[in-house]
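Engineer: My questions are about this predicted structure, shown below with the sequence.
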Amino acid sequence: MGYYSFDFTYILVLIGFVFSLIASGMVKSTFSKYNKYYNSNGKTGAQVAEEILRANGIYDVKIQHISGSLTDNYNPTTNIVSLSDSTFNSSSVAAAGVAAHECGHVIQHHIGYAPIKLRNAIVPVASIGTKASYLFIMLGLIFSSGISQLLLNMGIIAFIAVVAFQVVTLPVELDASNRALRILKKNNILGESEVKMARKVLTAAAMTYVAAVATALLQLLRLIILFGGGRRRSKW
């Protein structure tokens, strides 16, 4: 009589998924809440970004609108800060916080912030790390035992690059948020109570990066349990 063997490592995947889901829900609900509070200066996200960049002597970075909600980003290759529908023309406290956060990344590049240099150096490897990892593992499960474990180990090593990228990204994002809050207060772009609101928005956003690190670490642990140390498992 056959029986079903439960793979307990799926629990690690479930934990990571739930953590990410909670973090995503938190940032959306927090942004939505403080997007209803308009800042006392009446400045839009685009105007806040412009003011911050000029105050820091940065004139070669373009600010543009991008479609979507919370799709804001800074591209150091093109020197463009892209602000989403929910940020660019909005004068809410939440929009000011998000715009300032992206400018925090601009300042990091401008001053040569070490962690962001490290993250940029990891990007090329991490970008192919996930695909390479699963490719090596699939090959390791197919080939004979002679080369199997070598391929499996290569898959695990490839995924470590993904984990490294997520780990380095976290302090970069936290620093960008801290810079943003200091500038918003120092330049009187937001009042004291408004800065506290912006802090809640950026703290919620930071949880998505914490979740990304946790998820990557849990996935790495699962790969090690399944395929490390000479073990071969077909359920993954």
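Structural biologist: Arrived safely.
Engineer: for this protein, what's the longest helix?
Structural biologist: In the chain, assigned by DSSP state H, the helix with the most residues is helix 145-186.
Engineer: Compute the inter-axis angle for the next helix or strand along the chain from that one and helix 145-186.
Structural biologist: The helix or strand immediately downstream of helix 145-186 is helix 192-227, counting by DSSP states H and E. Counting by axes from the mean of the first three to the mean of the last three CA atoms, to 10 degrees, helix 192-227 lies at 180 degrees to helix 145-186.
Engineer: Let me see the mean pLDDT of helix 192-227.
Structural biologist: For helix 192-227, the mean pLDDT works out to 95.
Engineer: next one: it to chain centre, how far?
Structural biologist: Relative to its chain's centre, helix 192-227 lies at 8 Å (CA atoms, centre = their mean, to the nearest Å).
Engineer: Give the buried residues for it.
Structural biologist: For helix 192-227, the buried set under the neighbour-count rule, 16 or more other CB atoms under 10 Å, comprises 194-195, 197-216, 218-220, 222-227. All C-beta spots, glycine's among them, are computed from the backbone N, C-alpha and C.
Engineer: Ok, stretch 22-31 next?
Structural biologist: For stretch 22-31, by 16+ other CB under 10 Å, it's 23, 26-27, 30-31.
Engineer: next one: stretch 89-96
Structural biologist: 90-96.
Engineer: With stretch 156-174 instead?
Structural biologist: 156, 158-170, 172-174.
Engineer: one step back: want to throw the buried residues of stretch 89-96 into JSON lines with pLDDT and secondary structure?
Structural biologist: Compiled in JSON lines, the buried residues of stretch 89-96 are given as follows (pLDDT from 0 to 100; DSSP: H, G, I helix; E, B strand; the rest coil):
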{"residue": "90", "pLDDT": "96", "secondary structure": "coil"}
{"residue": "91", "pLDDT": "97", "secondary structure": "coil"}
{"residue": "92", "pLDDT": "97", "secondary structure": "strand"}
{"residue": "93", "pLDDT": "97", "secondary structure": "helix"}
{"residue": "94", "pLDDT": "97", "secondary structure": "helix"}
{"residue": "95", "pLDDT": "97", "secondary structure": "helix"}
{"residue": "96", "pLDDT": "97", "secondary structure": "helix"}
